[in-house]
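Asker: Can you look at this prediction? I've put the sequence above it.
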Amino acid sequence: MHTPLLFLSLLSIGAGAVPTYGLGTTSGWDSAYTKAQTALAKLSQDEKAGIVTGMTWEGGPCVGNTYAANSIGYPSLCLQDSPLGIRFANPVTAFPAGINAGATWDRSLLYARGAAMGAEAKGLGVHVQLGPVAGPLGKNPDGGRNWEGFSVDPYLSGVGMEETIRGMQNSGVQACAKHWLGNEQEVYRDTISSNMADRETHELYVWPFMNAVRADVASVMCSYNKVNGTWACESDELLNELMKNELGFRGYIMSDWNAQHTGVNSALAGLDMTMPGSDFNTPRGSIFWGSNLVEAVSNGSVPQSRLDNMVTRILAAWYLVDQDQGYPEVAFSSWNGGKAKVNVTAGHASVARAVARDSIILLKNEGKILPLGRPGSLAIIGQDAIVNPGGPNACSDRGCDNGTLAMGWGSGTADFPYLVGPLEAIQKQADQHGTKIVTSTTDDFTAGAQAAAAAETAIVFINADSGEGYITVEGNAGDRNNLDPWHNGNTLVQSVAAANKNVIVVVHSVGPVILETILAQPSVKGIIWAGLPGQESGNALTDILFGTTSPSGKLPYTIARQRADYGAGWINAQSDPFSEGIFVDYRHFDEQGIEPRYEFGYGLSYTRFNHTGLSVSVFTTSGPAVGSVVSGGPVELFEPVGSITVQLVNSGSVEGAEVAQLYIGLPDSAPPSPPKQLRGFQKVKLQPGQAGTATFELTRRDISYWDTPTQKWVVPGGTFKVYVGASSRDIRQQGSFVVGKY
Ligand SMILES: *[C@@H]1O[C@H](CO)[C@@H](O)[C@H](O)[C@H]1NC(C)=O
Ligand SMILES: *[C@@H]1O[C@H](CO)[C@@H](O)[C@H](O)[C@H]1NC(C)=O
Ligand SMILES: *[C@@H]1O[C@H](CO)[C@@H](O)[C@H](O)[C@H]1NC(C)=O
Ligand SMILES: *[C@@H]1O[C@H](CO)[C@@H](O)[C@H](O)[C@H]1NC(C)=O
Ligand SMILES: *[C@@H]1O[C@H](CO)[C@@H](O)[C@H](O)[C@H]1NC(C)=O
C-alpha cells in the first residue's frame, strides 16, 4: 500500500523543457501509453470523436456513456456516480460518506472502503466511478457538498484521496478525482467565479489533487464554476498548465455534467472528454463535440494532435487499470430502477460498519456516562432514531430529511440496500441486557420529555442535512441556511434535558453544528458525533454506545462556538473573492486566536493515551523544489527529508486507538503562514498498558510553502516548530528542527 518515496530512476527532462505530460510515478503509465498509441493508429476520426464524447443524458445505461470503438475492441465506457457507492443500482453497499471516512484518520480503512467500492463498480461493469472528492474542500462550513469529501484540511483530504484511489483502482475501476477546482458552494455554482489567489490555490485546493495524481488517478472532473472569470472546463490555466504540466497528470479530464460551454476553446484548454455529451446546452440539444469536433479539426481550429492526445489519455487510463483484460458487461440500467443482474455486495457490509464505527467522535463524556453498560431503562428520542417509515430510499437522491440521516442528498448518493436505524440496533442490545426501552420517535418536544422522564438515561437524536443544489430540502438550496440542528433539535434537547438528568445527544450531520444551546444544559452529559454513517448506522453506533469498541474518530473540521467564528461561508453573489486566503478552518482560528468549541482533530476515547519521547530527525536544505515533473509535481517535492516519532502508551483500562497528529509551524523567514499545519498522522491501536510508536515520514512538500513570485514550492530556512498531540490544540510534545541555506 505504501509507495516508495523516491523515483530517481526516472528519466529527467532537460532543464527548462516543459513536459507535455508528466512522467508517471510507476511504469504503469508508460506501458499504458505505449498500448494507447498503438491503438490510436487504428482508429478512424469518427471513432476518436466518439471516445471523447458522451452519448447524451440517458443515452446509455450509466449516467455517462461514451461511444464504443469496434476497430480496437474498446467498449462504450460506463461512467457512474457516486463517491460513496454505485448510484442508481441495487443492491450495492451504501458506504459511510467521505467525511466519515476522513474522520477515521485510518489509512487502512480508507483503502479498504475504496477497494470495496471499486470491486462493486467492477462487478456492475462500471468503468469509471465518479469519486473521490477533494473539491469542495469545505472552506465554507455550510457548503452543501462538503460531506462528499474527507476533510477541510488539505493534508487529511490528500491522504483520503490517495488511499481511496489506490483501493478503487487496485480493484479495477478507474477513479475520478473531482471537482477541479474551487467549487466551494452550491448556490450559483453554475455561474459563480471563484477568484482564488495563487498561494491558497496551491496550498489548500490543489494539494489533495496532487495526492490523487501521485496515486495515478485515471481521470479528473472539471467543475461547474469559473475560476478568475474563466469556466473551469475551458481554463487553459487550470487544465493544461496546472493539472497537466505542473502536476504531471497523464490521465484525462472530463467535464462535470454539462459544465462544458464551448467546443473549440475547451478542447484547446485541455478538456479531454465531454459529459454527458453536453445536450443540455443552449439551445437545448446542442452538442459541442462529436461530429462538431471532427469538423473543428478539419477546419483547423483544433489541431489533430489535440484530438489524438485526448484519445491517448482516455485509452491509456483504460489500459492502466487493465480494463482491456476482460471487463464485466454493464449489469444494470440507471433509468429503470437500477435492479442489477448480479449481487456485488459480498462482505462489504463489514467494511461499511468498521468505517462507520471508527469515524464516530466522542465530543463530551462527563462523569463517564459512556459507555452505557447495562442500564435498567433507556429513552430513545427523536425521529433521527428511526428509519423513515417510507423506507430509507423514499426520497429520490435522498432529498429529504425524514428519519435517521445516514447520507446527504444529491448525485453523491447511492440507494440503501437496507439501513440499520439506531433504535433497531439499540433495542437488540437492550434485549440481551434486559434494558427497558421507552421511545418517542418524532421530534415532538412534549412527547420527548415524557419518554425521557420514564427512563434512567435518555438518548436524543438530532441531525443537520445538506446536499446538491438541484434539490431544495426544507428551504436549504444545497448549502445550509445555518449551522443549527434541523427540526428544532436544540429545543428538543432542552425539553428532554429538563426531564432527565442523564442525557446523551447523538448528532448525525453533514458538517459542523453549533452546540452551545445543548452544552448549556447541565443534564447533557454525553455528545456523540456520528456524521453520515451509511447503511450500518445503528450497528456502528451500538458498538460505541455499549463499549464494544472505544471511540477513535477525530474531527475532520472545527466545531465553532458561533457561525461567524469561521470567517467564511457560502455567499449570495456571482463571485467569491476567497478573502479568507490560506486561513481556513483551524488555520483561521489559530491565526485569529479564536477559541473553538471543539477543535480540529479533537475526539475523546474510553481510555487514555500518553504521548512521550518525541524524536525529530529532519535534515534538508532550504530552497525551491526542482527536477523533472513526475505524477504529482516536481520530483524533489516528494523526496523524504526525515521523520518524526513519538511514543504512545495506553495508560487507561480498555483497548483503544489513538490518532497521533503532527503539526508543523514554518519559520519566520516564510511569508505569514498558519501557526500550525497538519503534516502527518498515524492511528495506533493499543491494549491497556501497551506502548507503540507513531512515525511521521516527511517529504519536502510537507515543509514547503507555495512561493507565488517564483511559482515554486519553497522550503524556507530557519527554525521549524514541531507539535505532536491528540488534536490541533491538545499538543503533548513540542520540538523543532533547523533548515539551513544550501
Ligand atoms: C487567479 O488570479 C490570481 C490573482 O491574479 C492569481 O494569483 C491566480 O494564479 C489565478 N489562478 C488561476 C487558476 O488562473
Ligand atoms: C470550425 O468548426 C467548428 C465546429 O463546427 C466551429 O465551431 C468553428 O467555428 C469552425 N471554425 C472555423 C474557422 O470555421
Ligand atoms: C446480496 O448479497 C449479500 C451478501 O452475500 C446478501 O446479504 C444479500 O441478501 C444479497 N442481496 C440480494 C438482494 O440478493
Ligand atoms: C417527509 O416528511 C414530511 C414532513 O413530515 C412529509 O410531508 C413527507 O411526506 C415525508 N416524505 C417521505 C418520502 O417520507
Ligand atoms: C501518563 O501521563 C499521566 C499524566 O501525565 C501520568 O500520571 C502517568 O504516569 C503516565 N502514564 C504512563 C504509562 O506513562
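Answerer: It's in. Ligands and ions are numbered 1, 2, ... in the order given.
Asker: Point me to the residue of the stretch 1-150 of the chain nearest ligand 5.
Answerer: Shortest the stretch 1-150 of the chain-to-ligand 5 distance, computed as Cβ to the nearest ligand atom: residue-wise this is Trp105, at 21.7 Å. Quick note: C-beta positions are derived from backbone N, CA and C, even for glycine.
Asker: is it true that that residue touches Ala660?
Answerer: No. With contacts defined as Cβ atoms under 8 Å, Trp105 does not count as touching Ala660, sitting 9.6 Å away.
Asker: How much space separates the residue of the stretch 1-150 of the chain closest to ligand 5 from ligand 4?
Answerer: Relative to ligand 4, Trp105 is positioned 34 Å away (criterion: Cβ to the nearest ligand atom, to the nearest Å).
Asker: sorry, back to before: find residues that contact each of Trp105 and Ala660.
Answerer: Counting by Cβ atoms under 8 Å, 6 or more residues apart in numbering, the common neighbours of Trp105 and Ala660 are Phe681, Lys683.
Asker: More neighbours: the two, which one.
Answerer: When Trp105 and Ala660 are compared for neighbours, Trp105 comes out ahead with 30 against 27, by other Cβ atoms under 10 Å.
Asker: got a pLDDT number for that one?
Answerer: Model confidence at Trp105, expressed as pLDDT, equals 98.
Asker: Quick check: it vs Leu555, distance?
Answerer: The span separating Trp105 from Leu555 equals 10 Å under the rule Cβ to Cβ, to the nearest Å.
Asker: Asp730 now?
Answerer: The value you get for Asp730 to Leu555, if Cβ to Cβ is used, is 12 Å.
Asker: Overlap of the contact sets of the two?
Answerer: Listed contacts common to Asp730 and Leu555 are Glu599, Gly601, Tyr602; contacts here mean Cβ under 8 Å, 6+ apart.
Asker: phi, psi of Val294?
Answerer: Dihedral angles phi and psi of Val294 (degrees, to the nearest 10) take the values phi -60, psi -40.
Asker: Name the residues of this structure found near ligand 4, please.
Answerer: The chain has residues Asn388, Gly390, Ala394, Cys395, Cys400, Asn402 near ligand 4, with proximity defined as Cβ under 6 Å from any ligand atom.
Asker: Now go through these and say which are in strands.
Answerer: Secondary-structure check on the residues of the chain next to ligand 4 using DSSP state E: no residue lies within strands.
Asker: From these, list just the buried residues.
Answerer: Buried subset of those (neighbour count, 16 or more other Cβ atoms under 10 Å): Asn388, Cys395, Cys400, Asn402.
Asker: The last one touches Pro392, doesn't it?
Answerer: Same thing as Asn402. No. Applying Cβ under 8 Å as the test, Asn402 and Pro392 come out as separate, 9.7 Å apart.
Asker: before we move on, the earlier item: top of the shared contacts of Asp730 and Leu555 by neighbour count?
Answerer: Neighbour counts for the shared contacts of Asp730 and Leu555 were taken using other Cβ under 10 Å; the highest belongs to Gly601, with 27 neighbours.
Asker: returning to that earlier point: who's more crowded, Asp730 and Leu555?
Answerer: The residue with the greater number of neighbours, taking Asp730 and Leu555 and applying other Cβ under 10 Å, is Leu555; the counts read 26 against 14.
Asker: before we move on, which element is that one in?
Answerer: Leu555 is located outside every helix and strand, with elements delineated by DSSP states H and E.
Asker: follow-up on the earlier one: on the three-state scheme, the closest residue to the residue of the stretch 1-150 of the chain closest to ligand 5 other than its chain neighbours is what?
Answerer: In space, not counting the residues next to it along the chain, Trp105 is nearest to Val659; the distance is 4.3 Å by Cβ to Cβ, 6 or more residues apart in numbering. Under the three-state scheme (DSSP: H, G, I helix; E, B strand; the rest coil), Val659 adopts strand.
Asker: my guess is Val659 meets Gly601, correct?
Answerer: Yes. Under the criterion of Cβ under 8 Å, Val659 makes contact with Gly601 at 7.4 Å.
Asker: got any residues that touch both of the two?
Answerer: Applying Cβ under 8 Å, 6+ apart, one finds that Val659 and Gly601 are jointly contacted by Lys554, Ala726.
Asker: Output the shared contacts of Asp730 and Leu555 in TSV; the columns should cover secondary structure, distance to Phe95 and pLDDT.
Answerer: As requested, the shared contacts of Asp730 and Leu555 are exported to TSV (DSSP: H, G, I helix; E, B strand; the rest coil; distance: Cβ to Cβ, whole Å; pLDDT from 0 to 100):
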residue	secondary structure	distance to Phe95	pLDDT
Glu599	coil	27	99
Gly601	coil	23	99
Tyr602	coil	24	99
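Asker: Alright, I will stop here.
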